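>>> Pasted the sequence and its predicted model underneath.
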Amino acid sequence: MNTFFSMQVFKEVVELGSFIRAAEKLGLSPAMTSKHIQQLEAHLGVRLLHRTSRRVSLTDEGRTYYARGSHILEDLAELEAELNSASAKPQGLLRLAAPAWLHNAIFAKALSDFRSLYPEVQFDLLLSDRLVDLIEEGIDIALRVTPEPHATLYARRICEVPLIFAASPDYLERKGRPQRLEDFAQHDILMHSSLKDEPLQGYMGDTELHQVRVQAILTTNDTDLLARTAMMGMGIAVIPKPVLEDPLLANALEIVLPEFKPPMTYYLYAVYSSRGHQSPKVRRFIDFMLETFGPCSTQEHTKS
């Protein structure tokens, strides 16, 4: 059994929704197409497809196998193209995951500029503040803000992302402007869900570590929502400074305690699941991000 070809047959059946159409595209008989799927299911020991007289649908196992298998087939095709040509160009679908707050003009221009350089690349971009599973969801590169990338992933550091406090002038007029971090105990705080169980702490232009425990009135995994509720006068938001690249937010929010420095430095990383073979599209996009948003340490973090 040619497993890779059977995977290709499975991929075409799923994408075309029909054994007959897949058979026509691959130059096979419908019976041979069905046999490839049966052999693949027997080899894996699971059912991949639900079959009825009218439609074909994925099982849960089939959905997982399709997501990962499609990624493998694309990588294989790009590897063959790279080996066949020393000057292989980035091409194909680049699956990206990035924080929701990156829906700004600067990142949009970066995507446009990259596409101008490499017009054979297409993007599938997931903007979300949740932690995506790169392998399970078939993501090529995830852009993440963290002090340190997870030990199970490979990562390239792109640039520093300062953490700031921001509020609307209206809120600060009503509630007063904090003069020190400890004053936050009397304010309405809006923060990311990942920070809700930790005290706010950092340095205020000195060597003393200041900290205060707050009861946030809003916690969410959506950084953009934090900024926009702060803009509406709801409270003081704890957000990454690049969020203010949005002109609307920049004009509506005021940075509170601008001298504040968190105890840990946060960076934007490009993380990926494998260091072995990087397709041209992955390698060039990471290099492009470093050139566009650097300078920063280009040290690669590897999983242990």
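Ah, there it is.

>>> pLDDT below threshold where in this structure?
Applying pLDDT under 70 to the chain picks out residues 1, 53, 78-88, 274-278, 295-304.

>>> quick check: domain ranges of it?
By the record's domain assignment, the chain is partitioned as 3-81, 89-161+266-301, 163-256 (automatic domain parsing).

>>> And the last one, end to end?
Going back to what we said before, that points to domain 163-256. Domain 163-256 has an end-to-end distance of 11 Å (criterion: CA to CA, to the nearest Å).

>>> chain center to that domain, what's the gap?
Offset of domain 163-256 from its chain centre (CA atoms, centre = their mean, to the nearest Å): 24 Å.

>>> residues in contact with Ser18?
Going by CB atoms under 8 Å, 6 or more residues apart in numbering, Ser18 touches Val56. Quick note: C-beta positions are derived from backbone N, CA and C, even for glycine.

>>> Ramachandran coordinates for it?
Dihedral pair for Ser18: phi -160, psi 130, per degrees, to the nearest 10.

>>> Find the centremost residue of this protein, please.
What sits nearest the mean C-alpha location of the chain, by CA atoms, centre = their mean, is Ala97, with 2.2 Å.

>>> would you say it is within a helix?
No - assigned with DSSP: H, G, I helix; E, B strand; the rest coil, Ala97 falls outside any helix and is strand.

>>> so what's it up against?
By CB under 8 Å, 6+ apart, Ala97 lies in contact with Leu125, Leu126, Ser128, Val132, Leu134, Glu137, Ile139, Ile141, Ala142, Leu143.

>>> ok, it to Arg157 distance?
Using CB to CB, to the nearest Å, Ala97 is found at 17 Å from Arg157.

>>> Please put the alpha-carbon coordinates of stretch 210-219 into CSV.
Listed next in CSV are the C-alpha coordinates belonging to stretch 210-219 (Å, rounded to 0.1, in the frame of the first residue of the first chain):
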residue,chain,number,x,y,z
HIS,A,210,6.3,47.4,43.7
GLN,A,211,3.3,45.2,43.8
VAL,A,212,-0.4,45.3,44.4
ARG,A,213,-3.3,42.8,44.3
VAL,A,214,-6.3,44.0,42.5
GLN,A,215,-9.8,42.6,41.8
ALA,A,216,-10.2,43.1,38.1
ILE,A,217,-13.7,44.2,37.0
LEU,A,218,-13.1,42.6,33.6
THR,A,219,-10.9,39.7,32.6
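
>>> Name the single longest helix found in the chain.
In terms of residue count, the longest helix belonging to the chain (DSSP state H) is helix 60-84.

>>> about what we covered before: who's the residue nearest to the centre of the chain bridged to?
Beta bridges link Ala97 to Leu126, Ala142, judged by DSSP bridges.

>>> so who does Pro169 touch?
Contacts of Pro169 by CB under 8 Å, 6+ apart are Glu254.

>>> That one and Ile189: what is the separation?
18 Å.
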